[in-house]
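S.K.: Got a sequence here, can you build the structure:
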Amino acid sequence: MASKFNDSLPDGAQILWYEIVKVLGKGGFGITYLAKDTNLDQLVAIKEYLPSAFASRDQSESVQPNSPEAEETFRWGLDRFLGEARTLARFRHPHIVRVLSFFENNNTAYMVMEFAEGKGLDAILKQRKTLTENQLRQLLLPLLSALETLHETGFIHRDLKPANILIRRDGKPVILDFGSARQALGQTDQHMTSLLTLGYSPFEQYDSSGSRQGPWTDIYAMGAVLYHAVTGKKPMDAALRINAKLRNQPDPMIRAVDVAKDRYNPAFLENIDLALQVLETDRPQSVSEWKAKLFEGQTLPASPAPRTAATASSPAKAQPQTQSPAMALPSATQPTATAKVSAPPAQIEPSRVVAPAGQPLSPPAVDSPQVELAAPQESLPPAAQAAIPPAQDAAQDAGSGSDAVPPKKAKKKNAWRSFVASINEFGTLSNNSGVAPTHAAEGKAAAVTTPEPKPAAFVVPQAREPLPSHPQPGTVWQEPITELNFVWIPSGLFQMGSNKGVLGWRSDESPVHAVELDGFWIAQHAVTWAAWNKVHHADVGKQRKNMDDGLPASGIGWEDAQSFLRNFTRMSGSGLNMGLPTEAQWEYAARAGCDSQFHFGDDMSELHNYAWYNQNSGDVPHPVGMLQANAWGLYDMLGNTWEWVEDWYGDDIYKKGAHGVRNPIGAPFGEFRICRGGSWRSTVKACRVAYRNRVSPTSKSSTLGFRLVLRPNAS
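M.R.: Okay, here's the model as predicted:
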């Protein structure tokens, strides 16, 4: 029987001695199956490594990278997946789902876990709305014990939410689906991919560098779970809360102590609110610190110790499970079965292990005002060759060195000022201070404005001609600071996307749908090093081998492009609304009135006349404007460098907008931004006008550049 999930193994498929029963769930980094272990005649859950950004399944059921450029990144992620499985296999905790084994097959890897039967806390909350304080305290102790075990060995869960907490039929909770295996994919530098669940993810997770994540990140998420359980509603998105803080406005989220004060102990509610402090430095910094506050004055039972293989498997010591009446599930009428990722299995001592993320976290002592809180970072993968998503090449994020604060000099910083990207049309404020969040002796945040890279010393020239107020199609205007030529693209309606059957088609390109756009100005070619240096002398390209003026600026992350735009705004003072094109604007301009695979038609043998790609580039970028332009006078829309657009990536955004949209802006949030057009390293299929590449906004591949638009209707 075929599965409803694309790319999943069919029901009944056989992997070694495991028979696939059905798909339990799918995410961007893998698929989880219910399977039968035919040797032991028992059900298990199997997680398959299948990162949809880089790979897909072929007809032989093997998983293959989507392109030669993605091969190295895919392999690196595969090693990470196996490394996490090895580490999680060491855990023997009764409240962490157990990893039983792992293996490689079908050109990918699999993690075999216990199949935990029960009901998700999300389903329970949907049914009951809220839980009593006694019920929550019975759940909290085992859950906090599980988190302590994870944190002590260097792991952060990163995706705690009601759906990832299973309540077994005996009323005991189990933590499922770890986000840590995903932390390195989607970017290939020393950072961790941002994992977001609105309402449960703290704001430091909006920063894809991951440098400020730690035990306090899981504490926020657990606080959010409790908030939902006492109020009946999930907390407000952290991005909205930080936005209010930036504007010196009150927190828009009503505190738990105000919402539920008549039904719960005020001290219990206050500690939920404490965990939900929007600044990570205002939260408890370790589970033990928070637990001491939650259960102050109470005698706590000893936390269940991680078990060795001997104690776990000894029949003589096996104890019958008793049902907790407070959280007993309804009888067999709805045994919603779930199992997702990570945790313990067999015959390995639960020694302290180094997590794949890097060095173990050492939660700071509660009474220490000056401690290093730098989260672990990934080791660099091999330099990936290009595009899906492009790997980091040479340049590093500005300020991405050590985040350690020297003892006796540490002061509390407003870390949230580094993360405005998620709530600001033009991206993040750069964090060049190299300062990690720390405890301050005074306990109050000191306002710190993080410096931007200084704009180039430049006297703004008078425009030779003002921006035409009523341009005709094809009108060209030169912007005086960058000296880039912009072409007027008239308003119009076009068919966006592609249909199944074309070369390299992927499901996120469908359905083809009508999009209507207002007119806009777009640069004739990508930003060159000459234009870059007139606006932005940041260190972004210091390791590029070739920065000739006529070459497209490359090694540019999405956030670097936003910083360039902010500097341009400071320099111009003219009210010009300069930005990156939306994905729809980019495709409209690239097509130039054509509905074929390329803007010149469907004959791919003609591509060399219009694009520098892996067959004609000589493995180097080329000066802009050397090949033929499209019908609207735009050069290098295909090949040479990938071009960032403004939008977040959403794999189903076309389906949502399939009935006609005017000026669409893409997904409201996500893990990846979008690049279009292909590069000098790309294959033919990646140079199609409909091809969508999803890339971490901090990626800095030598194949990444950007093109500018002007929107004349801005204030």
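
S.K.: When you work out contacts or count neighbours from here on, use the C-alpha atoms and nothing else.
M.R.: Noted.

S.K.: Which element is encountered next along the chain beyond the helix or strand where residue 643 lies?
M.R.: With elements taken from DSSP states H and E, the one containing residue 643 is strand 642-648. Later in the chain than strand 642-648, the nearest helix or strand by DSSP H and E is helix 653-656.

S.K.: so where's the protein uncertain?
M.R.: 1-6, 28, 178-195, 208-211, 299-465, 537-546, 574-575, 657-660, 712-715 (pLDDT under 70).

S.K.: Where is the longest helix in it?
M.R.: helix 133-152 (DSSP state H).

S.K.: What are the buried residues along that one?
M.R.: Applying a neighbour-count criterion of 16 or more other C-alpha atoms under 10 Å, one finds 133, 135-136, 138-152 buried in helix 133-152.

S.K.: Number of residues surrounding the nearest residue to residue 66 once chain neighbours are set aside?
M.R.: Using C-alpha to C-alpha, 6 or more residues apart in numbering and skipping residues adjacent in sequence, the residue nearest residue 66 is residue 55, 4.7 Å away. Residues within reach of residue 55, counting by other C-alpha atoms under 10 Å, total 20.

S.K.: where along the stretch 501-650 of the chain do the strands fall?
M.R.: 513-517, 520-523, 578-579, 642-648 (DSSP state E, counting those that start in this stretch).

S.K.: nearest to residue 88, of those strands?
M.R.: Among the strands of the stretch 501-650 of the chain, the nearest to residue 88 by C-alpha to C-alpha is strand 642-648 (31.7 Å).

S.K.: Run through the strands of the stretch 1-150 of the chain in chain order.
M.R.: Going by DSSP E, counting those that start in this stretch, the stretch 1-150 of the chain shows strands at 14-15, 18-27, 30-37, 42-49, 55-57, 63-65, 99-105, 108-114, 118-120.

S.K.: counting contacts, what elements does the longest one pack onto?
M.R.: With contacts defined as 3 or more C-alpha pairs under 8 Å, 6 or more residues apart in numbering; DSSP states H and E, strand 18-27 has these neighbours: strand 30-37.

S.K.: Domain-wise, how is the chain divided?
M.R.: Annotated domains of the chain cover 1-316+327-352, 483-710 [automatic domain parsing].

S.K.: Now tabulate the ones you listed in CSV and tack on distance to residue 470.
M.R.: CSV is the format used below for the domains of the chain (distance: least, C-alpha to C-alpha, whole Å):
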stretch, distance to residue 470
domain 1-316+327-352, 37
domain 483-710, 10
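
S.K.: what about the ones you listed, which gets the closest to residue 472?
M.R.: When these are compared (using C-alpha to C-alpha), the closest one is domain 483-710, at 7.0 Å.

S.K.: start to end distance for that closest one?
M.R.: End-to-end distance for domain 483-710, by C-alpha to C-alpha, to the nearest Å: 14 Å.

S.K.: Next: stretch 269-280.
M.R.: From its first residue to its last, stretch 269-280 covers 18 Å (C-alpha to C-alpha).

S.K.: which of the residues in that stretch are buried?
M.R.: 269-280.

S.K.: quick check, nearest of those residues to residue 100?
M.R.: residue 275 (33.1 Å).

S.K.: these two touch, right, that closest one and residue 223?
M.R.: Yes. Using C-alpha atoms under 8 Å, residue 275 is in contact with residue 223, at 5.2 Å.

S.K.: quick one on the thing from earlier: among the strands of the stretch 1-150 of the chain, which comes closest to residue 549?
M.R.: Of all the strands of the stretch 1-150 of the chain, strand 63-65 comes closest under C-alpha to C-alpha, at 34.8 Å.

S.K.: Can you tell me which of the strands of the stretch 501-650 of the chain is packed in deepest?
M.R.: strand 642-648 (a mean of 27; mean count of other C-alpha atoms under 10 Å).

S.K.: from what I can see, residue 227 looks like it's in a helix, true?
M.R.: Yes. Judged by DSSP: H, G, I helix; E, B strand; the rest coil, residue 227 forms part of a helix.

S.K.: count of residues packed around it?
M.R.: 26.

S.K.: Pretty sure it sits against residue 221.
M.R.: No. Judged on C-alpha under 8 Å, residue 227 makes no contact with residue 221 at a distance of 9.6 Å.

S.K.: For the longest helix of the chain, which helices and strands make contact with it?
M.R.: Packed next to helix 133-152, using 3+ C-alpha pairs under 8 Å, 6+ apart, are strand 173-175, helix 215-231, helix 287-294.

S.K.: between those, which gets nearest to residue 707?
M.R.: Going by C-alpha to C-alpha, the one of those nearest residue 707 is helix 215-231, 35.8 Å.

S.K.: Now do that closest one against helix 287-294, angle only.
M.R.: 30 degrees (axes from the mean of the first three to the mean of the last three C-alpha atoms, to 10 degrees).

S.K.: Between helix 133-152 and helix 215-231, find me the angle.
M.R.: If you take the same axes, to 10 degrees, helix 215-231 sits at 170 degrees to helix 133-152.

S.K.: which residues sit in contact with the closest residue to residue 224 other than its chain neighbours?
M.R.: Closest residue in space to residue 224, ignoring its immediate chain neighbours: residue 200 at 5.4 Å, by C-alpha to C-alpha, 6+ apart. Residue 200 sits next to 159-161, 220-222, 224-225, 234-235, 237 when contact means C-alpha atoms under 8 Å, 6 or more residues apart in numbering.

S.K.: Mind doing that once more with 7 Å?
M.R.: 161, 221, 224 (C-alpha atoms under 7 Å, 6 or more residues apart in numbering).

S.K.: Next, give phi and psi for it.
M.R.: phi -110, psi -20 (degrees, to the nearest 10).

S.K.: beta partners of residue 694?
M.R.: residue 674 (DSSP bridges).

S.K.: about what we covered before: can the strands of the stretch 1-150 of the chain go into TSV with extra columns for distance to residue 473?
M.R.: What follows is the strands of the stretch 1-150 of the chain, written out as TSV (distance: least, C-alpha to C-alpha, whole Å):
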stretch	distance to residue 473
strand 14-15	58
strand 18-27	44
strand 30-37	46
strand 42-49	48
strand 55-57	41
strand 63-65	41
strand 99-105	55
strand 108-114	50
strand 118-120	57
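
S.K.: quick one: which of those strands is nearest residue 297?
M.R.: strand 118-120 (31.0 Å).

S.K.: ok so, going back, elements contacting the strand holding residue 643?
M.R.: helix 583-591, strand 673-676, strand 704-706 (3 or more C-alpha pairs under 7 Å, 6 or more residues apart in numbering; DSSP states H and E).

S.K.: Point out the other helices and strands that the following helix or strand past the last one packs with.
M.R.: Just to be clear, that refers to strand 704-706. Using DSSP H and E, the helix or strand that follows strand 704-706 in sequence is strand 709-710. Applying 3+ C-alpha pairs under 7 Å, 6+ apart, we find strand 709-710 packed against strand 520-523, strand 578-579.

S.K.: if we can go back for a sec, what about the domains of the chain, which gets the closest to residue 471?
M.R.: So among the domains of the chain, domain 483-710 is nearest, using C-alpha to C-alpha, at 6.7 Å.

S.K.: before we move on, back to that, which among the strands of the stretch 501-650 of the chain is found nearest to residue 254?
M.R.: Nearest of the strands of the stretch 501-650 of the chain (C-alpha to C-alpha): strand 642-648, 28.9 Å.

S.K.: Contacts made by the closest one with the rest, please.
M.R.: With C-alpha under 7 Å, 6+ apart as the criterion, strand 642-648 contacts 558, 580-583, 665-670, 672-679, 703-707.

S.K.: got the CA coordinates for that strand in CSV?
M.R.: The C-alpha coordinates for strand 642-648 follow below in CSV (Å, rounded to 0.1, in the frame of the first residue of the first chain):
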residue,chain,number,x,y,z
TRP,A,642,22.6,32.2,-6.5
GLU,A,643,20.5,35.2,-5.7
TRP,A,644,18.9,35.6,-2.3
VAL,A,645,15.3,36.7,-2.2
GLU,A,646,13.4,38.1,0.8
ASP,A,647,11.1,35.2,1.5
TRP,A,648,11.3,32.4,4.1
